[in-house]
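Visitor: Okay, structure incoming, though there's no sequence with it:
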């Protein structure tokens, strides 16, 4: 049986996900990545076969959104629900977080019965991922000192550096599109900046894409106008990984060059790096007026590059004029959600359903992360689920 | 056994509720209505017998409240909980809904693991029910194209046209009061406007009442001052249905006439129709200042009819001076929640507990709607629940 | 086996907790208190042994926070989740509560499928506990008249008079620290006021401590500057109880005197009594501007007593210079959360982990309260949980 076969493959992996936070994909081994993907696929099959994958009888999944979110909020809630955890949102505005010490306290206070903490903190460079690590250290401290009966795992639901639940959903989408992860070897992906008039978007998606796809031998082209550089440490990582995987990594300054013969394109906006860096300085002093001014400045900067729009003409440059268009959603669609934005209406309409399917993997990726964090032998657990045919999702 | 007997009755019904949205009662067949009512009654019996009616192992019940609500919010949450679904509220203010295309996306993004979506959208004529249908079309699109593994059902938790969970709770209340649905034949119900100083209330409750009660041969009297007409298409429906059911439907302009020999009265406020229609035009342009002005104008309009108050004197006109008083709650009670309002304190106090009991059916009506939407053979499911005596709500 | 032994001890208690609200510890018998503590301990053991203590198949736990809360919110949510109830928060701002009658209605409307209601209402003297009792009367009314199928229990999550879930967690902490409840006899506890610059804190924690610890023969010293008296009725209760338990109760006006040879210290801020009383008058007229002015006045009053800070020097006055420091958290820590506050950084750091452990009992105390309220024979229920070895929290 198909599921049984994937379970056996997992048994042969040498993964190290149990009780480990998931903060950056490039901190994880290839086997870790394979296991996340494979278990996500199994959980999808189980659900589609009306087999329950509930493995928690009780326990909380705490979500902390330090930035607005609906899409990721629902994916995290769905994943928790699938496995039997109950969502409890931590609304920071009603708390005392802010000082270093207090974070230490809050982390423990909300974790007595908590199995997993999902954190989104993507607004300020140098702050988001750091917050997650401090949170983790506070949990270690509480667990080691007997405050917590269990040490909750942490899942990065988007930070300033990476967006692992997004990039892994994208990877699963590509795996299904090309038939296997092996098939990604040599495929050209264009991760391109695109114009947005709506707001200054984080760098985590493009960084997540180049930080993950360079591991699979892909020919990764990053395209952006001057001033839209990504963080150097992620660029370094992409370079190293592409060498190791015998792929390639190249930064170019035109969409055309990136799209030329691309097997897949991912045009999406992000903020100018210097604006993001300046914001991080300002937020330390709570200077929200200047932050708004910078936000405005960033949009003006974007407006110099309105021609960075994913058009039919550009799509025709791709392999067989037929490369899939990817997006983390929502996209700024010209003529629909804005006057002019990241993508022409006609292009988006053609690939709209595919972008929805791309998004549909995220709940399973998150569920896989939770399961791998909490259960030492997921292969046994999944076999048990399979064999207990009475456990149905719908009675 | 009583429950077993009702289950058998269901088996003989020719209902068509499986995987169908519940948007307007008059779109549903008589057998559909009977089945909703009967299964609500069974679920009530099961709960009172401490038998679990949990039939979902996981799954989300998403609530979308485009207007404030506590009562319906708790009824929907209770119903979902009874069957084993987890509530996930979609807070629109944190999302990108607004443009037509984006609704299509949102509907899919929040539905990956969702079994049911409850929507309240009652503020603007021509908009609320339409929103639900667009939402449904987006779900169809996602399901047919493989985005969604299942197509969530939609339940109308009050729109501009109908309030089916309210009117069906009211119907179950009347059934219990008069002994059977058949006993409603020939009974006179006074659905009357009443004065409110608090806010411009939607038309959905009176429309829901005349749109449902005319199906059971009742003598439905709708009473209101000039300018408080209901939507013509609902009036037409009431006329047709009352003919088919050999009841009657009459519009009068005095509470006295409606209350005269009435077997049941339902005095409740709503907004002037022309105010509601004007608001809908303004909201399209986001003209919220003018909407507030119109709201004020509507209240001034109401104030010309302060004598439309449900008094003891009026109640004495009813059959045997003893007709039950119904209300969807909360009522504007003169001398309690306002200086002068829909109902005299003495009248409300006499019937207060009965209005609470009327409200108590709503969670079961909603649970019945969910169960009928998701399970093809509810009679088998309910028999299974009955027979599995170990499934208790409380251990 | 340890758990089995505690269960047997419970069988011998003559408690009266079934279907009784938990509003003030001093309304409860000693056996009631013993049973709450013992069952909290059992639930902790069960969880640590990965044995499920789920005893509800469905049902809501409604939380009503009439003041901000994160800590208690998570404890209540955790407790509900452990036993199988689903949290549903009642957000008053979206409702019609306010008039006496409407409270009666709301209480019923949110309770159709509700097993427990947790209420926090601690801001105004004479109002919080009173609100809970009115809420309870409304539930009695609804239950007796057939509106509610069950009468939900009420748990005081902090009111103007008592904070029972806190004081009982503290008691469990002390029991573990000193080895038994009997060992508390003769131990000196210093419940002392301390300076806070942050906001005017309620009187419920110090009142809860003196209202509970005087029952166990402790030598309770209450210390505060002039003007910081606690409510006379609680002082009276502390006096009576300390006589009955052959302990002692003394009010002093210096931290030094209270700390001298103390076995345990609890330094924590609260508002001047006359400020709290004046606020209650103002809130009746919704005079929120004057309330803010009073708040300011209270902080100025506090500032006259900045020397009421828990320092190392003071801690060295305690028995063997080693008494445990307790706090309900969050503390105003000098040099961390404020310039100068309740406790020196060095003192807090030394006891930080212990205060977290103190807090960690709260979810179990609340779970014990819920279980005792809903199940007539908790000893049988717990034995059943123990014996059903297949019921695991984690599969």
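Guide: It's in. Everything numeric here is computed off the predicted structure, so don't read it as measured data.
Visitor: Show me the shaky parts of chain A.
Guide: Counting by pLDDT under 70, chain A has low-confidence residues at A:1, A:93-101.
Visitor: which other residues reach the helix ranked longest in it?
Guide: Ranked by residue count under DSSP state H, the longest helix found in chain A is helix A:30-48. By Cβ atoms under 8 Å, 6 or more residues apart in numbering or on different chains, the surrounding residues in contact with helix A:30-48 are A:2-3, A:6-7, A:9-10, A:13-17, A:25, A:28, A:52-53, A:82, A:168, A:171-172, A:175, A:181, A:212, A:215, A:361, A:364-365, A:367-369, A:371-372, A:378, A:382, A:385-386, A:393, B:113, B:149. Every residue, glycine included, has its C-beta placed from N, CA and C.
Visitor: Show me what whatever helix or strand comes next after it is packed against.
Guide: For helix A:30-48, the following helix or strand on the C-terminal side (DSSP states H and E) is strand A:60-65. Packing partners of strand A:60-65 (3 or more Cβ pairs under 8 Å, 6 or more residues apart in numbering or on different chains; DSSP states H and E): helix A:71-83, strand A:86-89, strand A:114-121, helix C:71-83.
Visitor: next one: strand A:60-65 to chain centre, how far?
Guide: 16 Å (Cα atoms, centre = their mean, to the nearest Å).
Visitor: Neighbouring strands - and their directions - for that strand?
Guide: Its sheet considered, strand A:60-65 pairs with strand A:86-89 (parallel), strand A:114-121 (parallel) by DSSP bridges.
Visitor: With respect to residue B:327, which of those lies nearest?
Guide: strand A:86-89 (34.6 Å; Cβ to Cβ).
Visitor: Walk me through the domains of chain A.
Guide: For chain A, automatic domain parsing gives the domain ranges A:2-162+A:362-387, A:166-359.
Visitor: now those domains as TSV including mean neighbour count?
Guide: Below are the domains of chain A laid out as TSV (neighbours: other Cβ atoms under 10 Å in any protein chain shown):
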stretch	mean neighbour count
domain A:2-162+A:362-387	21
domain A:166-359	19
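Visitor: can you put the ones you listed in TSV and add distance to residue B:228?
Guide: Compiled in TSV, these are given as follows (distance: least, Cβ to Cβ, whole Å):
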stretch	distance to residue B:228
domain A:2-162+A:362-387	38
domain A:166-359	40
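Visitor: just to revisit the earlier point, among the helices and strands packed on strand A:60-65, which comes closest to residue A:303?
Guide: Comparing those under Cβ to Cβ, the one sitting nearest is helix A:71-83, at 26.1 Å.
Visitor: other SSEs contacting that closest one?
Guide: Right, helix A:71-83 is packed against strand A:60-65, strand A:86-89, strand A:114-121, strand A:153-159, helix A:362-374, strand B:60-65, strand B:86-89 by 3+ Cβ pairs under 8 Å, 6+ apart.
Visitor: Find out how far the third one is from the centre of the chain, if you would.
Guide: Right, strand A:114-121. Distance of strand A:114-121 from the chain centroid (Cα atoms, centre = their mean) equals 14 Å.
Visitor: which outside residues touch it?
Guide: A:56, A:59-67, A:69, A:72, A:76, A:80, A:85, A:88, A:110-111, A:127-129, A:131-132, A:135, A:139, A:150, A:152-160, A:366, A:370, A:373-374, C:78.
Visitor: mind running it again at 6 Å?
Guide: A:59-67, A:69, A:76, A:85, A:128, A:131-132, A:152-155, A:157-159, A:370, A:374 (Cβ atoms under 6 Å, 6 or more residues apart in numbering or on different chains).
Visitor: With the fourth one instead?
Guide: Applying Cβ under 6 Å, 6+ apart, the contact partners of strand A:153-159 are A:21-23, A:72, A:116-122, A:128-129, A:132, A:136, A:164, A:204, A:369, A:373.
Visitor: Can you check what angle separates that strand from strand A:60-65?
Guide: With axes from the mean of the first three to the mean of the last three Cα atoms, to 10 degrees applied, the angle from strand A:153-159 to strand A:60-65 works out at 20 degrees.
Visitor: could you check the angle helix A:71-83 makes with strand A:153-159?
Guide: 160 degrees.
Visitor: State the next helix or strand along the chain beyond strand A:153-159.
Guide: Heading C-terminal from strand A:153-159, the first helix or strand you meet, by DSSP H and E, is helix A:164-178.
Visitor: Looking at the stretch 101-250 of chain A, which residue is nearest chain B?
Guide: The nearest approach of the stretch 101-250 of chain A to chain B comes at residue A:198, 9.1 Å away (Cβ to the nearest Cβ).
Visitor: For that residue, list the residues it contacts.
Guide: The contact partners of residue A:198, by Cβ under 6 Å, 6+ apart, come to residue A:332.
Visitor: Now do the phi/psi pair for it.
Guide: phi -90, psi -60 (degrees, to the nearest 10).
Visitor: any idea how far it is from residue A:356?
Guide: 20 Å (Cβ to Cβ, to the nearest Å).
Visitor: One more: residue A:375?
Guide: Taking Cβ to Cβ, one finds residue A:375 at 30 Å from residue A:356.
Visitor: where does residue A:260 fall, phi/psi-wise?
Guide: Backbone geometry at residue A:260, expressed as degrees, to the nearest 10, gives phi -50, psi 110.
Visitor: Was I right to think it contacts residue A:318?
Guide: No. With contacts counted by Cβ atoms under 6 Å, residue A:260 stays clear of residue A:318, the gap being 7.9 Å.
Visitor: Work out for me the element the residue in the stretch 251-395 of chain A positioned nearest to chain C sits within.
Guide: Residue nearest to chain C within the stretch 251-395 of chain A: residue A:381 (6.4 Å; Cβ to the nearest Cβ). Element membership of residue A:381 [criterion: DSSP H and E] is helix A:378-387.
Visitor: Run the chain-centre distance for that helix.
Guide: Counting by Cα atoms, centre = their mean, helix A:378-387 comes out at 27 Å from the chain centroid.
Visitor: Same check on stretch A:132-148?
Guide: For stretch A:132-148, the distance to the chain centre is 24 Å (Cα atoms, centre = their mean).
Visitor: can you list contacts of it?
Guide: By Cβ under 6 Å, 6+ apart, stretch A:132-148 touches A:21, A:23, A:103-104, A:107-108, A:111, A:119, A:151, A:154, A:156, C:353, C:356-357, C:360.
Visitor: now the helices: where do they sit in the stretch 201-350 of chain A?
Guide: Listed in chain order, the helices of the stretch 201-350 of chain A (DSSP state H, counting those that start in this stretch) span A:204-213, A:232-244, A:255-259, A:273-284, A:288-303, A:312-315, A:345-360.
Visitor: Output these in CSV, with distance to residue B:187 appended to each entry.
Guide: Below are the helices of the stretch 201-350 of chain A laid out as CSV (distance: least, Cβ to Cβ, whole Å):
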stretch, distance to residue B:187
helix A:204-213, 63
helix A:232-244, 73
helix A:255-259, 72
helix A:273-284, 67
helix A:288-303, 63
helix A:312-315, 65
helix A:345-360, 50
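Visitor: Dump those helices to CSV, plus distance to chain B.
Guide: CSV is the format used below for the helices of the stretch 201-350 of chain A (distance: least, Cβ to the nearest Cβ, whole Å):
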stretch, distance to chain B
helix A:204-213, 16
helix A:232-244, 27
helix A:255-259, 23
helix A:273-284, 20
helix A:288-303, 17
helix A:312-315, 18
helix A:345-360, 4
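Visitor: just so I know, which of those helices lies nearest residue C:256?
Guide: Taking Cβ to Cβ, helix A:273-284 is the member of those nearest to residue C:256, at 40.8 Å.
Visitor: The closest one packs against which elements?
Guide: Helices and strands touching helix A:273-284, by 3 or more Cβ pairs under 6 Å, 6 or more residues apart in numbering or on different chains; DSSP states H and E, are helix A:288-303.
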